[in-house]
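Engineer: show me the folded form of this:
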Amino acid sequence: MARVNRRVIHTGQAMVDLVVEVPHLPVRGGNVNARTATRYAGGSVTILVAAARQGATAVQAGAVGTGPNGDLVRETLAREGAQLSSPPVPDLDTGVCVVMVEPSAERSFVTTRAAERQISVESLGTSRPGPGDVVCVTGYSLYEPTRDPLLEWLGSLADGVLVVLDPGAPFAGFDAALVARMLDATDVWTSNAQEAQELTGVCGAEASCAAVAQRLPDGAVVIVRDGPVGAFVHVAGETTHVPGYPQTPVDTNGAGDTHTGVLCAGAASGLGWVEACRRANAAGAIKVTRNGPATSPTASEVEEFLARQHGTA
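Structural biologist: Predicted structure coming up:
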């Protein structure tokens, strides 16, 4: 995929993932020995790395701290050619997400809060989004203190800026007025099936995909992932199943974020939503065979994978 001028801008939390491989989760008050422990830049970084490796211009608008964790975030973004628009938060480092990965590849999380929560309308504004740019929002930003500056800034965006909401686990549990306000600002919803069901109360990825669309402004797009089954794309009143590519997973941490990043890169490049989702499905399938959150494939790896899967290699 050729590099394009339209950008993928993320407003969310660039974190450091401390990934520990454990034989099982400890019981309450208990202990378990980890087989490995590795630090990665994660959170919004995973999405931006995935977008950058597809040829998009990727920008982190969310806050990054000052210290070893912030340095790791900056180094990872710079290595991928991604940009950081806002200045470092002084005297406060970026937070950590402890990710416990079991042999089944299932993950459990403990997340701290630090510099990544120190955003303002002005700091987000340093990204200067314009028509055609894709602005990514995570539902985790709707906690205080990031909620109010984010919503105020979203309300100031120019026409033609595409707002993509990745709701995350907490979204459906927020106050109904807050949920409605965020949905009104959303052009594209992308989530897993459980998150769509929790918002709508409708079971099944395909049915919940159409149900989410009813909560969004006219013309909005909905993508609902359903693991190895693939994803459903609702656009222009029709829901299309985009098949997945089942793999034996090694590490599912970052698979959803990889899907989102590749999807957003496709949108920035002008791909149709079904084709962008097909590429995102392929990228997610490749990613789960690799350890670490920010291990998205490149554009050429996605193309080679799809060629093998569809017998055109």
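Engineer: how about the helices in the stretch 51-200 of the chain?
Structural biologist: Along the stretch 51-200 of the chain, the stretches classed as helices by DSSP state H, counting those that start in this stretch are 68-79, 121-125, 147-154, 176-184, 193-200.
Engineer: and those, which is most packed in?
Structural biologist: Counting by mean count of other C-beta atoms under 10 Å, helix 193-200 has the highest mean neighbour count of these, with a mean of 21. Bear in mind the C-beta positions are built from the backbone N, C-alpha and C, glycine included.
Engineer: give me the contacts around that helix.
Structural biologist: The set of residues that contact helix 193-200 without belonging to it, under C-beta atoms under 8 Å, 6 or more residues apart in numbering, is 167-169, 171-173, 179, 189, 202-205, 208-209, 211-212, 214-215, 222, 224-227.
Engineer: which of those residues are buried?
Structural biologist: Burial of the contacts of helix 193-200 was assessed by neighbour count (16 or more other C-beta atoms under 10 Å); the buried members are 167-168, 171-172, 179, 189, 202, 205, 208-209, 211-212, 215, 222, 224-227.
Engineer: so which of the helices of the stretch 51-200 of the chain comes closest to Thr295?
Structural biologist: With C-beta to C-beta as the criterion, Thr295 lies closest to helix 68-79 of these, at 11.4 Å.
Engineer: what packs against that closest one?
Structural biologist: Using 3 or more C-beta pairs under 8 Å, 6 or more residues apart in numbering; DSSP states H and E, the elements in contact with helix 68-79 are strand 14-21, strand 36-43, helix 44-53, strand 57-60, strand 83-84.
Engineer: among those, which is the most enclosed?
Structural biologist: Comparing the helices and strands packed on helix 68-79 by mean count of other C-beta under 10 Å gives helix 44-53 as most buried, with a mean of 31.
Engineer: next, the buried residues of stretch 153-161.
Structural biologist: Of the residues in stretch 153-161, those with enough neighbours to count as buried (16+ other C-beta under 10 Å) are Trp153, Leu154, Leu157, Val161.
Engineer: ok, for Arg128, nearest residue in space, not its chain neighbours?
Structural biologist: Ser85 (7.7 Å; C-beta to C-beta, 6 or more residues apart in numbering).
Engineer: enumerate every residue touching that neighbour.
Structural biologist: Taking C-beta under 8 Å, 6+ apart as the contact definition, Ser85 lies against Ile9, Val59, Gln60, Ala61, Thr126, Ser127, Arg128.
Engineer: hmm, back to that, closest one to Val110 among the helices and strands packed on helix 68-79?
Structural biologist: Closest to Val110 of these is strand 14-21 (C-beta to C-beta; 9.2 Å).
Engineer: extract the C-alpha trace of the closest one and format it as PDB.
Structural biologist: Provided in PDB are the C-alpha atoms of strand 14-21 (Å, rounded to 0.1, in the frame of the first residue of the first chain):
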ATOM      1  CA  ALA A  14       0.500   5.400  24.800                       C
ATOM      2  CA  MET A  15       1.500   3.000  27.500                       C
ATOM      3  CA  VAL A  16       4.200   0.600  28.300                       C
ATOM      4  CA  ASP A  17       3.100  -3.100  28.500                       C
ATOM      5  CA  LEU A  18       4.900  -5.300  31.000                       C
ATOM      6  CA  VAL A  19       4.000  -8.600  29.500                       C
ATOM      7  CA  VAL A  20       4.500 -11.700  31.800                       C
ATOM      8  CA  GLU A  21       3.900 -15.200  30.600                       C
END
